[in-house]
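Peer 1: Below is the sequence, then the predicted model.
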Amino acid sequence: MNQEEIKSIIHGILQGSIPLEEGAQQIERGFSEPVGSFAVLDHQRAARTGFPEVIYGPGKTTDQIIKIFRHLQVRNSTVMATRIERPVADILLKSLPDATYNEAAKILYVCSESPTREGITVVTAGTGDIPVAEEAALTAELMGNRVNRIFDVGVAGIHRLFNRLTEIRQARVIIAIAGMEGALASVIGGLVSCPVIAVPTSIGYGANFHGVTPLLAMLSSCANGIGVVNIDNGYGAGCLAARINRLSDHGAA
């Protein structure tokens, strides 16, 4: 609920067209809304952070996801649910026919607006990192950004990265995604002037320790301007990139 909506309710109370108790309830629902006994929606999330609350799928029943999704749709043009597996998506789509499912990103969403803001590039070391990359890329797109994808340019064949370097350097913010030893983020960080968001993935052999090795490597990078999110956290990287890229709007003004 924005200031104009609150003012309108207060005006209605003062004019007598809205009973005091009803007006108070409307304002209260505008900030948070219980959904059954299992969720309380944060309707001020978009006003505070620039994007509505997002549904994290695992641990929720399909019925809970459907009810939360529908309640969010009432107030938001974009609604997304993350980490949705295909069998769950098939069930959800029967009750949410206007939603779209991206299997690579494991995101179920509705969005009535096309992305317009340029500046984000997602780069992966290998093909195995693409699911995390797609989660990051689609998240950023749903937050209003056009995303350039550059896949499979890891350091084992570093010429592949150099072949795309001119294109990579055009980004305002880069998401570098890698498993194994996670070297890609450090290499890119030493070649570009923009912020780099490093995403370690759980892709790799035993000593990768399900992503711990690239996580520690990225945290220990000697390249400047690198921030690191958690293992396989494409969603978090997409959010951070969208916020950084949004700052360019203020700079242009």
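Peer 2: Great, that's in hand. Numbering: from 1, shown residues only.

Peer 1: what does stretch 210-230 rub up against?
Peer 2: Where contact means Cβ atoms under 8 Å, 6 or more residues apart in numbering, the residues beyond stretch 210-230 that reach it are 178-183, 185-190, 192-204, 207-208, 231-232, 236-237, 240. Backbone N, C-alpha and C define where each C-beta goes, glycine included.

Peer 1: Are there helices or strands packed against the strand ranked longest in the chain, and which ones?
Peer 2: Taking DSSP state E as the criterion, the chain has its longest strand at strand 117-124. Applying 3 or more Cβ pairs under 8 Å, 6 or more residues apart in numbering; DSSP states H and E, one finds that strand 117-124 contacts helix 130-142, strand 145-150, helix 165-168, strand 173-178, helix 184-189, helix 234-252.

Peer 1: To Glu53, which of those lies closest?
Peer 2: Closest to Glu53 of the helices and strands packed on strand 117-124, according to Cβ to Cβ: helix 234-252, at 12.1 Å.

Peer 1: Which helix or strand contains Pro34?
Peer 2: Taking DSSP states H and E as the criterion, Pro34 maps to strand 32-35.

Peer 1: Mind listing what's buried along that strand?
Peer 2: Glu33 (16 or more other Cβ atoms under 10 Å).

Peer 1: pLDDT (mean, whole number) over it?
Peer 2: The average pLDDT for strand 32-35 rounds to 72.

Peer 1: ok, and what's touching it?
Peer 2: Val40, Leu41, Asp42, His43, Gln44, Lys67, Ile68, His71.

Peer 1: what residues are up against Ile231?
Peer 2: Pro200, Thr201, Ser202, His210, Gly211, Val212, Pro214, Leu215.

Peer 1: Out of these, the closest to Leu138 would be?
Peer 2: Thr201 (16.3 Å).

Peer 1: Count residues in the vicinity of the closest one, would you?
Peer 2: 28 (other Cβ atoms under 10 Å).

Peer 1: Pretty sure it sits against Ala178.
Peer 2: Yes - at 6.6 Å, Thr201 counts as touching Ala178 under the criterion of Cβ atoms under 8 Å.

Peer 1: Do I have it right that Gly57 meets Pro87?
Peer 2: No - using Cβ under 8 Å, Gly57 is not in contact with Pro87; the gap is 11.7 Å.

Peer 1: Between these two, point out the one with more neighbours.
Peer 2: Set side by side, Gly57 and Pro87 show more neighbours around Gly57, with 20 against 9, by other Cβ under 10 Å.

Peer 1: and the gap between that one and Val88?
Peer 2: For Gly57, the distance to Val88 equals 7 Å [Cβ to Cβ, to the nearest Å].

Peer 1: No more questions from me, cheers.
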